[in-house]
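**Student:** A structural model of the following input is requested.
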Amino acid sequence: MKPLLLCVVVSIFLIGCIARNSKVKLPAGIYVNQSESEFSIANDTVILKPEHDDWIYVRHLITYKRKLDHGFGPVKYSNTEFRARFQSEDKVVVNPRNGNRYSFPDVGGKLIYNGTMYLALKD
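**Tutor:** The predicted model follows:
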């Protein structure tokens, strides 16, 4: 009876160690999008850096300039930085401040933010 109990305890311990050490691959890299309309030109960059456990540092940079009758207006920009948990079951990172979602489709090298597709830069 004791050897059987010992085998059960050791098996549970090993299964727990394996489950704890199986980490989800976090999205990382630089994703870009460029868009243009009759009124403006915009360049977006999203930088993802994995941190500890399932936390990700996100930096979202947006630069844009308005088209004027004779050229362009000054370049304007916005910069958003935050840390959030990667939700592996949904493949999404949610900005805790405003709820904006950065999702990762099954096709590699892509990110979707507010319905807009961003492509990963290659090293």
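
**Student:** skipping adjacent residues, who's closest to Asp60 in space?
**Tutor:** You called it Asp, but residue 60 is His. Excluding its sequence neighbours, the residue lying closest to His60 (Cβ to Cβ, 6 or more residues apart in numbering) is Thr80, at 4.4 Å. (Glycine included, C-beta is placed from N, CA and C.)

**Student:** state the distance from that neighbour to Asn100.
**Tutor:** The spacing between Thr80 and Asn100, counted by Cβ to Cβ, to the nearest Å, is 9 Å.

**Student:** what lies in contact with the helix or strand hosting the residue nearest to His60?
**Tutor:** Thr80 is part of strand 76-87, with elements assigned from DSSP states H and E. Residues outside strand 76-87 that contact it (Cβ atoms under 8 Å, 6 or more residues apart in numbering): 24, 26-27, 51, 54-65, 92-97.

**Student:** what do you get for stretch 32-46?
**Tutor:** By Cβ under 8 Å, 6+ apart, the residues outside stretch 32-46 that reach it are 30-31, 58-67, 72, 102, 111, 113, 116-119, 121.

**Student:** in strands, which of the residues you listed fall?
**Tutor:** Using DSSP state E, the members of these that fall in strands are 30-31, 58-67, 72, 102, 111, 113, 116-119.
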